[in-house]
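Trainee: Okay, sequence plus prediction incoming.
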Amino acid sequence: MTPLHRCSVVLMFPGTGAQHTQMAAGLYGHEAVFTDAVDSVLTRLGAEGEAARADWLAERPAVPMEADIRSAPLLFAVDYAMGRLVESWGVRPAAYLGHSMGEFAGAVLAGVFRLDDAVRLLWERVRRQRTTPAGGMLAVAAAREELTGYLGSGVVVGAVNAPRHTVLSGPEAPLDAVARRLTADGLTYRRLATRTPYHSPVLTPLVAETEALVRELPLSLPSTPLYSAYTTRPLSAPEATGAAFWAGQPTAPVLFWPTLERVLDDGDRLLVEAGPAQSLAVIARGHPAVRSGRSAVVATLPPRALGPEEDRRTVRAARELLLGQAGADHSGRLPVALPAS
């Protein structure tokens, strides 16, 4: 087993489907870095951000978390804030890896986007997505190759998360028909918490408008390598600064598993999921490099809403594990005073 101090840290950020009611809410007002980072996102959205914050902190939100106007800004805010929190402990990531929205959060932390511009782009996408047909996404316990017969009529492979974890995406009626076929064929699936068919051609009409907006924004090369789950490799200079690359992401499949394989092939890693639900941590724990002990996985938040105390306990445990590696290659400079849970 590889000692953790010899593993470089990769921060992982989950995407749509990982959001849930009161995700990480127990940290708000208790972890100063996290609170400031969430507020820095939501205040940029004005009244919409205030409404999102109120629903996020409520036990019974007025607008459900699967609605784009809630899932997009809140998931981005929590991912971004968790990344800031982990880095405030003195952890210096060797790389970032995100899934869908998580890649966007990683791009901000890596300095590709300024936060102002990222929030503007995020909200413009949300606004424009509301003009597209309703649909959804199905997470199926099957390999990509097993599902070719279910594709068509706008239903496509939206994500490859693991060898037997494939997400189908498409318009509502065709996707419902696929769900019935999956049930009849004895295949296990669950519907993700979204009514938008991300990573499918349904969103193609938005690409040109989004690209025009991104061309107005100053984009920079990442200060820390950012592995793209759309290309399965570290972001290149033309991709990082290319409007077409960012504008096309909502229609392109997320190749998370192949990208994770590349990340783990590039070195022994301590994979730290900085976001809700532990979905990426669960996937990563199934990789041979982790099962063999060459690499390891740390989750910073609970797998579901378990109350504010569990949010704080999970963060404390993650911090203690990471700071227990003080002086290791991945830890870098430690802060003088740590934020208290």
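Mentor: Good, I have the coordinates.
Trainee: Helix or strand for L260, just tell me which one.
Mentor: In this structure, L260 sits in helix 256-265 according to DSSP states H and E.
Trainee: Can you give the contact residues for that helix?
Mentor: Under the criterion C-beta atoms under 8 Å, 6 or more residues apart in numbering, residues 10, 95, 97, 99, 159-163, 165, 227-229, 231-233, 269, 271, 280, 283-284, 287, 289-290, 294-295 lie in contact with helix 256-265. Placement of C-beta: from N, CA and C, glycine included.
Trainee: Write the ChimeraX selection for whichever of those are buried.
Mentor: Those of the contacts of helix 256-265 that count as buried under 16 or more other C-beta atoms under 10 Å are selected in ChimeraX with:
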select :10,95,97,99,159,160,161,162,165,227,228,229,231,232,233,269,271,280,283,284,287,289,290,294,295
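Trainee: Narrow the contacts of helix 256-265 to those in helices?
Mentor: L280, I283, A284, A289, V290 (DSSP state H).
Trainee: just those now: which is nearest T300?
Mentor: Nearest to T300, judged by C-beta to C-beta, of the ones in helices among the contacts of helix 256-265 is L280 at 11.1 Å.
Trainee: what residues are up against the closest one?
Mentor: So L280 contacts M12, F13, P14, H99, G102, F256, L271, E273 (C-beta under 8 Å, 6+ apart).
Trainee: ok, now T16?
Mentor: Per C-beta under 8 Å, 6+ apart, neighbours of T16: S71, A72, L75, S100, M101, M137, L192, A193, T194, T196, Y198.
Trainee: Please name the nearest non-neighbouring residue to the second one.
Mentor: Ranked by C-beta to C-beta, 6 or more residues apart in numbering and with sequence neighbours excluded, the top spatial neighbour of A72 is V126, at 4.9 Å.
Trainee: Which parts of the stretch 151-300 of the chain are strands?
Mentor: 156-162, 165-171, 189-191, 226-228, 233-234, 269-273, 296-299 (DSSP state E, counting those that start in this stretch).
Trainee: Kindly apply the preceding question to the stretch 1-150 of the chain instead.
Mentor: Under DSSP E, counting those that start in this stretch, the stretch 1-150 of the chain gives strands at 8-13, 95-98, 135-140.
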